[in-house]
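Q: Here's a sequence, model it:
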Amino acid sequence: MIKSYARPSDAAVATAGARAGADVVRTLYGRQLDRIDKGAGDFATVADVEAEKAILGVIRAARPDDAVLGEEGGQQGAAGSGRQWLVDPLCGTLNYAVGTMLAAVNVALRDGAAAVADPFSGEVFCTDGESAWLRHDGADDAPLAPSSASRLVDVNLDPPFPSAPESRAVELLAHPGFVEGFRPRVVSTTLALAWVAAGRRAAYVTDGEELSGSVHFAAGIAVCRAAGCVVTGIDGAPMGDGARGLVVAADDETHERLMSMTRSRR
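A: Residues are numbered from 1 along each chain as shown. Okay, the predicted model is just below:
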């Protein structure tokens, strides 16, 4: 929780919210949690719901007049508010439910500050909308520095695939040039987006609809942009122009290589 009497910055609110959600996710990890069916194979758990409540508590205390769009609770607050928070309390629910410690807690102010928390490492990837940094308990903030040196590319293979039956993400994996230059990983959580910003992944690729305003992706996109990553749709179109899917690359060269592989398949 934010305890200072001074008005906290948006970045501080995002970070505190992400940490509050991460505390809940970590506390409930390993327990037998009932699944709340959301249809089409998707589900939530009590951890998703309780983490979102904790995040909302932070936002409401610090920014009572702001609107919130939550993955579990939907739209809340004044519909006409010029400020809206996008909250994904547990990205990687299936990983989490089967005992895999790969999950993210995402909190983002639309077109502003954002934070992505790893509940198990204690790391929080933060941005104030201009710069990006890594915060870890007991350590000084470290600037995020993208790098393609790992050659690891995370590919999200979760449906839906608007480009099906010729999904560009799947086509990319089958391209000979991809095998020569990169190695695929499937983490199945948007924590992988923050890893691109931190230099732990060369790129991240996913199919999908327009994702810049998605509760799942908004925080990761904000952190990556502020860190200096290249962020486009899966066709290379600028985000926010109706571009489908998402490609986040550590640098221009990596982005162009990935784009050339998808274009060569058409």
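Q: Report the separation between P176 and M261.
A: 9 Å (CB to CB, to the nearest Å). In short, each C-beta sits where N, CA and C put it, glycine included.
Q: Let me fix that, I meant to ask about W133.
A: Applying CB to CB to W133 and M261 gives a distance of 32 Å.
Q: ditto for A139
A: A139 is 38 Å from M261, where distance means CB to CB.
Q: Those two - which one has more neighbours?
A: Taking other CB atoms under 10 Å, A139 and M261 do not tie; M261 has more neighbours (20 against 10).
Q: who's in contact with that one?
A: E171, L172, H175, G177, F178 (CB atoms under 8 Å, 6 or more residues apart in numbering).
Q: In helices only, show me those.
A: Here DSSP state H is the test, and the contacts of M261 give E171, L172, G177, F178 as lying in helices.
Q: For the last one, list the residues it contacts.
A: If I follow you right, that is F178. Taking CB under 8 Å, 6+ apart as the definition, contacts of F178 comprise V153, L172, P184, L258, M261.
Q: Looking at the residues you listed, which one is closest to G240?
A: Distance to G240 across the contacts of F178 (CB to CB) is lowest for L258, with 19.9 Å.
Q: you'd agree that closest one is up against A250?
A: No - using CB atoms under 8 Å, L258 is not in contact with A250, being 10.9 Å away.
Q: Now for the two: what residues contact both?
A: A203.
Q: helices and strands around the lowest-mean-pLDDT helix or strand in the chain, which ones?
A: Across the helices and strands of the chain, mean confidence by mean pLDDT, DSSP states H and E is lowest for helix 168-174: a mean of 83. Helix 168-174 sits against strand 152-156, strand 203-206, helix 252-263, with contacts defined as 3 or more CB pairs under 8 Å, 6 or more residues apart in numbering; DSSP states H and E.
Q: Return the most buried member of those.
A: A comparison of the helices and strands packed on helix 168-174 by mean neighbour count, using mean count of other CB atoms under 10 Å, puts strand 203-206 on top with a mean of 26.
Q: got the contact list for whichever helix or strand comes after that one?
A: Counting by DSSP states H and E, the next helix or strand C-terminal to strand 203-206 is helix 218-227. Here helix 218-227 makes contact (CB under 8 Å, 6+ apart) with 14, 18, 86, 88, 104, 106-108, 110, 112-116, 125-132, 144-146, 190, 193-194, 196-198, 211-212, 231, 239, 246, 248.
Q: Quick check: ChimeraX command selecting the buried ones in these.
A: This is how ChimeraX selects the buried members of the contacts of helix 218-227, with burial counted by 16 or more other CB atoms under 10 Å:
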select :14,18,86,88,104,106,107,108,110,112,113,114,115,116,125,126,127,128,129,132,144,146,190,193,194,196,197,198,211,212,231,239,246,248
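Q: Show me the contacts of helix 218-227 that map onto strands.
A: Counting by DSSP state E, the contacts of helix 218-227 place 86, 88, 104, 106-108, 114-116, 125-127, 132, 231, 246, 248 in strands.
Q: Hmm, which of these is lowest in pLDDT?
A: Among the ones in strands among the contacts of helix 218-227, L246 has the lowest pLDDT, at 93.
Q: Any stretches of the stretch 51-200 of the chain with poor pLDDT?
A: 79, 138, 160-166 (pLDDT under 70).
Q: Next, the buried residues of the longest helix seen in the chain.
A: Longest helix in the chain, counting residues (DSSP H): helix 10-28. Buried residues in helix 10-28, defined by neighbour count with 16+ other CB under 10 Å: 10-22, 24-26, 28.
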